[in-house]
Structures are given as structure tokens and as C-alpha cells.
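In: Below are the sequence and a predicted model for it; my questions follow.
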Amino acid sequence: MDSLHAIGFYVSSGISLAGALGVALLPRRDQRGAALGLVGLGLAGLYVSLSAGFAALLALLCYLGAAWLIASPQYRSIEGVAGAAWRQMGAVGGAGLLAVLAYSAFRGDLVHAVYYGGEFGATALSRLMFARDAMATEAVAALVLVVLAGATAAWRVRERGR
Amino acid sequence: MSVDLVAVFFVAAGLVAAGAFAAAWRRDLTAALAGVPLMFAGAGVAMVGIERFSAAGGPHLVGQEFAVLLAIAAVALVALGLGVSGGEGSR
């Protein structure tokens, strides 16, 4: 990996981590949506610097869509039933998870291999998704279909019950 | 300046931990839902990093495929959660 890709990797990782902190900490939903869009932008940069251009394009589209949904003023807020103590414990658990994952990353000494793939990889990735692993792709497509139909049905039932 | 698998794992760990923190700490469940794409992003970064640095014997793009499917699943789960929550002013 040359210096340009390395600089892109570190800049993109900073952008994505800053966006992730924004998603976790910002108070308003439009701010959280913008932060999630920032995460998508940083994630796409990370993927590009790791020679995964096609995955970067799709991840950028998906995360911008998720950011638009999160920033939308049309859904209502639902207050959780967990008390403040449980939420504090969950936050401490998140910090502990970071410590454990950072330790395992520090100790993660996998074999180093030379990368022979291309920078974008759309053709090879499409061949993989629609030929070799077509069942997994169809399972995710079915998940998306069920999710969209279920969300629409739930939304209509709630609106009808108003 | 170089990048190795450990650096990729550190970024992935940060994203996963930030997502878990958001999902556990936010009082509003629809705000906590935004932690799910963060955790999926961390998993995707780790998979692409493994494929980029440690996949011996030719181009194995399973990591990229996994990252793409995770991104699609993330936006689908956000849409499901917000759809189930209902519209503003419905109660």
C-alpha cells in the first residue's frame, strides 16, 4: 500500500470515527443523520483505500439512505423502558467492548499476504455475488423485501388506528 | 507511512464499540437504532481488511461481498425500525 492510500485510510478512519461519535452523542435527529452520512463517507474512503471501490460505492449509497431515514422528521420517538442505571451499565459495557476489541486487534497477528485483486472489482464481485454465493444474495434480497413490506404494513396499521 | 491489519482492526473496533455504546446509552429507541449501522460498518471494515491483507492464494473477494451485504442489511434494518415506530403525531 503506497503513501497516498495510507493517508486516505487514516483520514477516512478519522472521519468515520468522528461521525460514529456524533451518531452516539448528538442530541437532534438531523444532526445524527448528518453524522451517519459522515460515517458513510468515511466508510467509503476506507473501502477505497483498501482497494474495494465497488463496495465503497454501495456502502456510500446505503449509508446515505440510512442517514436520510434517521434525519427524517416523520417518525416518532419511542422512549425505552430501561432505567438510567441499566443504560449507564450498557455504556460502560460499550467501553469495555472497545477495550477487548482493541486488545484483540493489537494481538491479531494473521498471516500477511500479497493482494492481487483490482482497485474496483465490480466484475469479480458481481460474479461472486450472483454466481457462487447467489443464495446469500437472494437471502439478503428477501430480507430487504420482507423489511420494506413489514415496515409499510406497520406504518399503515398505526396510521389507520389514529 | 503504512497500513496493516492491526490498524484496520482498531478502526473496526472503534466503530463497533461506538455503535454498541449508542445502542445501549440512548434513551430514545429510534436514536439507539442508529447504532446498528455503526456496528455493521465495523464488521464490514474488518472483513475487507482481512481480505485485503491476509487472503493468500489469489483475490478472495468474500470480505468485500460480506461488506456489501452488511451495508444493505443495515439500511434495511433502519427502515424496519423506523417503520415500526410509526409516524409523528400518531398518538
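Out: That came through, no problem. Every value quoted in this text rests on a predicted model; they were computed, and no experiment measured them.
In: Where does the prediction get shaky in chain A?
Out: For chain A, applying pLDDT under 70 flags the ranges A:109, A:162.
In: who touches B:G83 in this structure?
Out: Taking Cβ atoms under 8 Å, 6 or more residues apart in numbering or on different chains as the criterion, B:G83 is in contact with A:150-152, A:154-155. No exception for glycine: its C-beta is placed from N, CA and C like everyone else's.
In: make it 10 Å
Out: Neighbour list for B:G83: A:69, A:75, A:147-156, A:158 [criterion: Cβ atoms under 10 Å, 6 or more residues apart in numbering or on different chains].
In: Would you quantify the distance from it to A:W68?
Out: In this structure, B:G83 and A:W68 are 14 Å apart, going by Cβ to Cβ, to the nearest Å.
In: SS state for the residue nearest to the spatial centre of chain B?
Out: Of all residues in chain B, the one closest to the mean position by Cα atoms, centre = their mean is B:F40, 1.8 Å from it. Here B:F40 is recorded as helix under DSSP: H, G, I helix; E, B strand; the rest coil.
In: Could you report the distance from it to chain A?
Out: 9 Å (Cβ to the nearest Cβ, to the nearest Å).
In: Show residues contacting stretch A:93-101.
Out: Contacts of stretch A:93-101 (Cβ under 10 Å, 6+ apart): A:24, A:108, B:9-10, B:12-25, B:35, B:39, B:42, B:46.
In: Model confidence score at B:G57, please.
Out: On pLDDT, B:G57 comes in at 66.
In: A:A20: what's it in contact with?
Out: So A:A20 contacts A:35-36, A:38-39, A:42-43, B:11, B:14-19, B:21-22, B:34-35, B:37-39, B:41-42 (Cβ under 10 Å, 6+ apart).
In: now do 6 Å
Out: A:39, B:15, B:18, B:38 (Cβ atoms under 6 Å, 6 or more residues apart in numbering or on different chains).
In: Now the two most distant members of those residues.
Out: Spanning the widest gap among the contacts of A:A20 are A:V39 and B:A18, at 9.0 Å by Cβ to Cβ.
In: I'd like to know which of the contacts of stretch A:93-101 are buried.
Out: Among these, those buried by neighbour count (16 or more other Cβ atoms under 10 Å in any protein chain shown) are A:24, A:108, B:9-10, B:12-25, B:35, B:39, B:42, B:46.
In: May I see the buried residues of the longest helix that chain A contains?
Out: Longest helix in chain A, counting residues (DSSP state H): helix A:134-160. By neighbour count on 16+ other Cβ under 10 Å, the buried set for helix A:134-160 is A:137, A:140, A:143-144, A:147, A:151, A:154-155, A:158.
In: Please name the nearest non-neighbouring residue to A:S3.
Out: B:M1 (5.3 Å; Cβ to Cβ, 6 or more residues apart in numbering or on different chains).
In: All set now, cheers.
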